[in-house]
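Participant: the amino acid sequence is not available; the structure is as follows:
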């Protein structure tokens, strides 16, 4: 079973690859075709789905474990959660925009910058702190919990969900069911 850092590293690599594709992709304001604009929106939908699942799982299991490490854990968890809340707010705005909307590129650029900064912060501060405290078995168990939580996690940002661990573990799966139903009805997240 992959440990927590392997699970999160895989997620981070996937998100970073999507960010690169978005940065280098054709933009509506620079003459992209209608098909290219539709593909761009599909990629943003995929990014939102993956990022929403990732952050929801972290909020349920990762950040509470970091917080349990005492004052330094509290500080790192507070900063990480603050970054995630900001990112979730930007993703929520981006989710509502079409790829040919004049604000799309600036909102997307803000998210790309924030996402890269958050990934760097998490890997440089939270991972070493948690890694020093977990046994290999505990890291594996936490990786399994996060991987399982992602299966039921929301596929859309929910910036108004309370950040408390209990609220995340209760509201997250319920929002995930509602999001998946909505995605099924709208076709969001299916092939380009």
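Facilitator: Nice, thanks for sending it over. Note that the coordinates shown come from a computational prediction; the quantities given were computed from them, not determined experimentally. Numbers count the residues shown, from 1 in each chain.
Participant: tell me the phi and psi of the residue sitting nearest the centre point of the chain?
Facilitator: By Cα atoms, centre = their mean, the chain has its centre lying nearest to residue 51, at 2.3 Å. Here is the backbone geometry of residue 51 (degrees, to the nearest 10): phi -70, psi -40.
Participant: quick one: low-confidence ranges for the chain?
Facilitator: 160, 162-178, 181, 190-192 (pLDDT under 70).
Participant: quick one: the helices in it?
Facilitator: 4-24, 34-57, 63-67, 71-95, 104-121, 127-133, 136-152, 165-186 (DSSP state H).
Participant: next, the angle helix 136-152 makes with the first one.
Facilitator: In other words, helix 4-24. 40 degrees (axes from the mean of the first three to the mean of the last three Cα atoms, to 10 degrees).
Participant: now for helix 4-24, which elements pack on it?
Facilitator: helix 34-57, helix 104-121, helix 127-133, helix 136-152 (3 or more Cβ pairs under 8 Å, 6 or more residues apart in numbering; DSSP states H and E). Where you see a C-beta, it was placed from the backbone N, CA and C, and this is true even at glycine.
Participant: which residue of this structure lies farthest from its centroid?
Facilitator: Farthest-from-centroid check, the chain (Cα atoms, centre = their mean): residue 31, 29.6 Å.
Participant: now do the contacts for residue 43.
Facilitator: Residues in contact with residue 43 (Cβ atoms under 8 Å, 6 or more residues apart in numbering) are 18, 21, 22, 25.
Participant: kindly report the same for residue 126.
Facilitator: 62, 66, 76, 77, 80.
Participant: which of these sit farthest apart?
Facilitator: 62 and 76 (11.0 Å; Cβ to Cβ).
Participant: higher neighbour count, those two?
Facilitator: A side-by-side neighbour count of residue 62 and residue 76, using other Cβ atoms under 10 Å, places residue 62 first with 26 against 22.
Participant: name the nearest residue to the more buried one, ignoring sequence neighbours.
Facilitator: Of all residues not flanking residue 62 in the chain, residue 146 sits nearest, at 6.3 Å (Cβ to Cβ, 6 or more residues apart in numbering).
Participant: right, and that neighbour touches residue 57 too?
Facilitator: Yes: counting by Cβ atoms under 8 Å, residue 57 is a contact partner of residue 146 at 4.6 Å.
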